[in-house]
Structure formats: C-alpha cells, structure tokens
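[1] Next come a sequence and a model predicted from it.
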Amino acid sequence: MIEVSRISKSFTNKPVLKDISIIFEKGKANLIIGQSGSGKTVLMKCMVGLHEVDEGKIMYDERLFSDKTSAETGSNGINRQSIRRDIGMMFQGGALFDSKTVEENVIFPLSMFTNMSEEEKLDRANVCLNRVNLENANDLYPAELSGGMQKRVAIARAISMKPKYLFCDEPNSGLDPKTAIVIDNLIHEITHEFDITTIINTHDMNSLMEIGDKIVFIHKGEKWWEGTNKAILSSDNEELNEFIFAAKYLKALKK
Amino acid sequence: MELFYHLGRYYLMLKLVFKRPEKWSIYFSQIVKEIDSIGISSIGIVAILSVFMGAVICIQTAFGVDGAAWMPLYAVGFTARESIILEFSPTIISLILAGKVGSHISSELGTMRVTEQIDALEIMGVNSAGYLIFPKIIAAIFIFPFLIIMSMALGLFGGWFIGVSTGAVTSYEYIYGIQYDFHPFNVAYALIKTVFFAFIIISVSAYCGYYTKGGALEVGKSSTKAVVYSSIAVLLVNLLLTQLILG
C-alpha cells in the first residue's frame, strides 16, 4: 500500500498539485486519470522521488519516503534507497538503455543490486522476458524493437527485481488498440500474480474499463473523484463525465 | 550570478560522481568500455593530426632557418621537439579531444536525460551521476596521457619524414636537434597538463549533458556548450599550470 497525504507541488510559483491525499491499494491496479497537464505525471514523479514535494507525506507500507508535513520532521527516518529497490517503473517511452541489449537491460538491476551468479541472472531475465511473451529477443537492441516490444521489455526490467510497487506512466501511449490491450492485460495479470501495488498513469479509456481496480481522477492539480471502473459509469461528477464521455456518441450513450 | 549557479551545481555533481560506487565490479567494466570509447576510438584522429602538424612545424621552421644563416640546421629538429612536446601535443590535441570526446559525452548523457534513461537509473536506486560519469573521468585520466605520448612520437616522426623527404633537413641534423638540450621534465610537464585537461574535458562535458532539459534541440545545444566551455576551461588551466610549473 502507498499512502499519499496532503501533498502539494509548485513549479516557479505555479501550483501543479494541490493538497492531494490518496491511498493506493496492494494487489490492485490503481489508475490515475486526467486531462493532459492535469498533474498526473508530476504526481507520479513525486511519488518515486524524481520531484520533491513542497508539502505533504508519502508512505510505502509504513515506511516514510518523503515528509514535508512540518519543519521539525525533516528527513529523519527516511531511507529512500531501500524503498527504491522495491520499486519498478515503466516509463512512457520505455527508457530502455540504448547501448544495452534486451537481455542486458533486464539483467542490469540484478547485476547492480544482487550477488546472483551469471547463470542465475540469465535465468531470471529469461523468466521475466517469457512472462511478457518476449522469447528470442535477448540479443536485440532497443532500436530494433517495435513500440509494443519496447514496452514489454520495460515491464520485464521493472519486474526483474520482484518489486512490491510498480509504476507505469502511460503504458499505452503510441500503441495500436490491440497491442494496448495486450500491455494492459499483462500489467493487470502481473499485479495480481505477484500481489504488487500498481499505479498506472493513463488517459486510455480501454485501460480504464478493462483493468481499473481503483481509479483516481485528477483535475487541475486536485483529486476530483475516486472510485472503481464500475462506479465511473454511474458517476454524476460533471468534470469526470466530460473527461470520460468526451466523444458525442459516448455522451449519448451515457444519457 | 548564473556563473555561480553553474559552478555550485558542477561542484554538487562532482560530489555525486565521487560517491562510493554501489558495486565496484560494474564500475570497473564500465571503465574498460570507456577506455575503448574515449581513447582507442580517438587513436586515428590523434595520429593523423600529429603527423601532419609535425610535418608543418618542420617545414615552417626549416623555412625560417633557411633564411637565417646564423641558425644551425639542427634547430629545425630542436624547435619541432619543443613545440610538439610543450604545447602542440598536450594542448592542441586536448582541444581536438574536447571537440570529439566532449560532444560525444554531452550528447550521450543529454539523450539519456531527455529519454528518461537517467530517471530510470535513479528510480532503480542507482547513483546515476556516479555510474555514468565516474568511469568516463577515470578512463580519460588513464588513456589521455598515452594518446599524448603517441602524438609526441608521431609528430616528431612527421617532422622527420617531411624534412628528409623534401631535403629541408638531413636525417642526422634533425635527430641531433631532437636530442639537443633535452629536458625530460618537459614531458612530465606535458603529461601533468594532460591529466588536468582530461578531467576538465570529461567533467565539463558531462555536466552540460547531464543537466540537459527539453528535447533533441537542447541536446544539440548542450553538445555545443560542452565543446565551447571545456575548450575555454582547458585554455585557462593551461595558462595557470604553465605559470605554476614553468613560470
């Protein structure tokens, strides 16, 4: 479980996140949705420590990751490095290391943080690559892969260290609808299979309905709505409905 | 004011670079890769430049000596040696490497930054500055002196070859000139400068690339900045070290 308490973040005096509190549940695919520029990516980057929050507190299963609730608490008791070893992240563009092959990309965190033998690392890499249905791609470089394959390698790399928390930043961007569903299902299956707390940043409606165990709607830097994919259809929240049912035919369907 | 901001951030980056590595074996293998990428791949350009510059220095000196009857012919070898060892090989070749290696490092790190590869390292818990920059600095400090020694040898050879083949100087006079009043300390002075230049070129270029913000356009700008700033820094340190060591 990840608990975000009253976090705020500004860039050059422009507030991007305003007093946001959310609990992301374990073993569920937690979706953050919202329009472009609503603050979804900033929220995710604050949660993994790529941005420092101005105010608020972030806890990973009772472990303090960030605390700006008061001047006195400072950074006492924060051990980010140990929490980070439990985090896997899939970036929007994959963020695979260009100079390394698929296999080397997946093995990299294992080489850096474990004392596994070469054979064990290779076995683990193959398990992860097989899990994302990528056999026989070990020796290819990221530039030789399609967008969908790059995303799958990114998932394989993210799960290689058996993370407790998985972050996915727009996993479907740039993919065709069919491949997007494959990636969605993969993330959903992995979440349940390994009982991971998964946070997915998306504005893909298919993802929302297919895998959204819990959905948080961010609007203008604020948490506007929170619920399940079933509840979203019957919600009377005006901004949420405008976002979800943006197309005319969907609006008609809703009515 | 902006200068102090960059100096402060450069210092903070260096603090991260020299933090204790997560795993020495990984860093060691990176150092070996960087020696190949930074040093071995530069052998060709360094060799070509050195031979031609040595040849040009020889022709120019021979032209001057020819017009001054009071100057002995071995002055051609002597002048070529002094020019090549004291300034051409350590400084000019370092400036060339600032262009080749500096732009490569800056664009590599800049691309990694804008494609979120550096963020990916950070989230894994890797000290990205240490992992990416430390091996490059160590590799350059190790391999640059070898490149400069090679440059000195090839520069002197280029001078001899063109001098003898054009008849501007005899082989005996040239070699006598090279050996005349030789101070081995001059080579040490050149290599001391080279080590400083290696550190400056890599760290300044890495700084420009590591903090790139934006997209492809900014990566290009960072690359240009890396060459300009590291070249200026090399020239300033060259002046400072020359005054300190020889002044």
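    Sure, I can see it.

[2] B:I43: neighbour count?
    Neighbour count of B:I43, defined by other Cβ atoms under 10 Å in any protein chain shown: 14. For every residue, glycine as well, the C-beta is placed using N, CA and C.

[3] That one belongs to a helix, doesn't it?
    Yes. Assessed by DSSP: H, G, I helix; E, B strand; the rest coil, B:I43 belongs to a helix.

[4] can you pull the contacts of it?
    Shown in contact with B:I43 (Cβ atoms under 8 Å, 6 or more residues apart in numbering or on different chains): B:L147, B:M150.

[5] measure it to A:Y165 for me?
    According to Cβ to Cβ, to the nearest Å, B:I43 and A:Y165 sit 47 Å apart.

[6] Now do the helices in the chain.
    With no chain named, the answer covers chain A. For chain A, helices defined by DSSP state H occupy the ranges A:40-48, A:80-84, A:102-113, A:118-131, A:147-159, A:177-194, A:205-211, A:231-234, A:238-244, A:248-254.

[7] oops, chain B please
    Going by DSSP H, chain B shows helices at B:2-17, B:24-34, B:43-67, B:75-83, B:93-97, B:103-114, B:117-124, B:128-166, B:171-179, B:185-210, B:216-246.

[8] Quick one: these as TSV, columns for mean pLDDT and distance to A:E120 too.
    Compiled in TSV, the helices of chain B are given as follows (pLDDT from 0 to 100; distance: least, Cβ to Cβ, whole Å):
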stretch	mean pLDDT	distance to A:E120
helix B:2-17	94	31
helix B:24-34	94	16
helix B:43-67	92	38
helix B:75-83	93	57
helix B:93-97	95	41
helix B:103-114	96	28
helix B:117-124	92	19
helix B:128-166	96	22
helix B:171-179	94	58
helix B:185-210	96	33
helix B:216-246	95	37
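
[9] And those: which comes nearest A:Q81?
    helix B:117-124 (10.2 Å; Cβ to Cβ).

[10] So which residues on chain B come close to chain A?
    Contact residues (Cβ under 8 Å from any Cβ of the partner chain) of chain B with chain A: B:22-23, B:26, B:111-112, B:115-117, B:119-120, B:122-126.

[11] Now, of these, which are buried?
    Buried members of the residues of chain B next to chain A, counted by 16 or more other Cβ atoms under 10 Å in any protein chain shown: B:22, B:26, B:111-112, B:115-117, B:119-120, B:122-126.

[12] B:Y74 is in contact with B:Y180, correct?
    Yes. Counting by Cβ atoms under 8 Å, B:Y180 touches B:Y74, with 6.1 Å between them.

[13] For A:K40, find the nearest of the helices of chain B.
    Between the helices of chain B, helix B:117-124 lies closest to A:K40; by Cβ to Cβ that is 15.8 Å.

[14] Of all the residues in the stretch 101-250 of chain A, which one is nearest chain B?
    A:P109 (5.2 Å; Cβ to the nearest Cβ).

[15] Tell me who's in contact with that residue.
    A:R157, A:S160, A:M161, B:M124.

[16] With B:I84 instead?
    So B:I84 contacts B:S50, B:M53, B:G54, B:I57, B:S151, B:M152, B:G155, B:L156, B:G159 (Cβ under 8 Å, 6+ apart).

[17] Could you report the neighbour count for the nearest residue to B:R113 once chain neighbours are set aside?
    In space, and not counting its chain neighbours, B:R113 is closest to B:T212: 4.7 Å by Cβ to Cβ, 6 or more residues apart in numbering or on different chains. Neighbour count of B:T212, defined by other Cβ under 10 Å: 23.

[18] Same check on the one 4 residues further on?
    Neighbour count for B:A216, taken as other Cβ under 10 Å: 11.

[19] Quick check: closest non-adjacent residue to it.
    Of all residues not flanking B:A216 in the chain, B:V114 sits nearest, at 7.5 Å (Cβ to Cβ, 6+ apart).
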